[in-house]
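**Student:** Okay, sequence plus prediction incoming.
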Amino acid sequence: MHIAIAGNIGSGKTTLTRLLSKHYKWEPHYEDVDDNPYLNDFYNEMQRWSFNLQIFFLNSRFNHILDIRKLGKTVIQDRTIYEDAHIFAPNLHAMGLMSTRDFDNYFALFELMNSLVQPPDLLIYLRASVPTLVNQIQKRGRDYEASIRLDYLKRLNERYEAWITKYDLSKLLIIEVDSLNFPEKNEDLSNIITRIDAELHGLF
């Protein structure tokens, strides 16, 4: 089985992936943030490095999906291939940080890859307001995220909402992050686990 977690920067995807993998004994697949050779350059010079960054993520996530299906285990994935194509790359294009030529090239490659893979069995979407995202980003203190602007996060949130309202590829579970503290409160994590059990096993 393939479980995927979607959500904006700072919404808690990696933390929830870790907690759920521990609880369910699922194999976690994390986003290639530390090994991404373009990330620092991108945040310093977005227009120059946006295409390179998005291609790296697209390739990484495509390979993750192929690996997931080969493993034959239940895997939980931190971020999906859809978010790059429907949120991050279109946002960069709309902001003038990726040329139309590069975006069209990127999206054609995504559509080819997408035709070759299956969607996750369950998509968990972490919905969070901009203040919550900012708080989480500041807490983890990654140097390359220090320059992220509020309007950038706001634009991404708007695109996430537009995408998730139309998502129909698999089961979908929406978690309202603003009202929860699942990293520190066991009852909040238990609530999420109960809802996941219901989605996967139809208990309710």
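**Tutor:** Arrived safely, thanks for sending.

**Student:** residues in contact with the residue nearest in space to the middle of the chain?
**Tutor:** The geometric centre of the chain, computed from its C-alpha atoms, lies nearest to Arg79 (CA atoms, centre = their mean), at 2.7 Å. Under the criterion of CB atoms under 8 Å, 6 or more residues apart in numbering, the contact partners of Arg79 comprise Ala4, Ile5, Ala6, Gly7, Lys13, Glu31, Arg61. Glycine gets a C-beta too; all of them are placed from N, C-alpha and C.

**Student:** Quick check: the two most widely separated of these?
**Tutor:** Of all pairs drawn from those, the one with the longest distance (CB to CB) is Gly7 and Arg61, at 14.7 Å.

**Student:** what distance separates the start and the end of stretch 82-90?
**Tutor:** Criterion CA to CA, to the nearest Å; first-to-last residue distance in stretch 82-90 is 11 Å.

**Student:** my guess is Tyr38 contacts Asn52, does it?
**Tutor:** Yes: the pair formed by Tyr38 and Asn52 meets the contact definition of CB atoms under 8 Å, at 4.9 Å.

**Student:** Give me the neighbour count for Asn114.
**Tutor:** Asn114 has 17 neighbours, counted by other CB atoms under 10 Å.

**Student:** Tell me where this protein has helices.
**Tutor:** Assigned by DSSP state H, the chain shows helices spanning 13-24, 39-44, 46-71, 81-83, 89-94, 100-114, 130-140, 150-164, 186-201.

**Student:** most tightly surrounded among the ones you listed?
**Tutor:** Among the helices of the chain, ranked by average contacts under mean count of other CB atoms under 10 Å, first place goes to helix 81-83 (a mean of 22).

**Student:** and for that one, what are the contacting residues?
**Tutor:** Here helix 81-83 makes contact (CB under 8 Å, 6+ apart) with 6, 58, 61-62, 65, 110, 113-114, 117, 160, 163, 167, 169.

**Student:** quick one: the nearest residue to Asn8 once chain neighbours are set aside from Tyr106, how far?
**Tutor:** With CB to CB, 6 or more residues apart in numbering as the criterion, Asn8 has its nearest non-adjacent residue at 5.2 Å, and that residue is Leu156. Applying CB to CB, to the nearest Å, the value for Leu156 to Tyr106 is 17 Å.

**Student:** can you check Leu169 too?
**Tutor:** Looking at Leu169 against Tyr106, where the rule is CB to CB, the gap reads 20 Å.

**Student:** does Ile5 have beta-bridge partners, and which?
**Tutor:** Beta-bridge pairing for Ile5 (DSSP bridges): Asp78, Ile124.

**Student:** Neighbours of it, how many?
**Tutor:** Residues within reach of Ile5, counting by other CB under 10 Å, total 27.

**Student:** Flag the shaky bits of the protein, pLDDT-wise.
**Tutor:** Low-confidence regions of the chain, defined by pLDDT under 70, span residues 33-34, 141, 143-147, 203-204.

**Student:** go again using 80 as the cut-off
**Tutor:** 32-35, 140-149, 202-204 (pLDDT under 80).

**Student:** Report the spatially nearest residue to Thr14, omitting neighbours in sequence.
**Tutor:** On the basis of CB to CB, 6+ apart, the spatially nearest residue to Thr14 that is not a chain neighbour turns out to be Asp78, at 5.3 Å.
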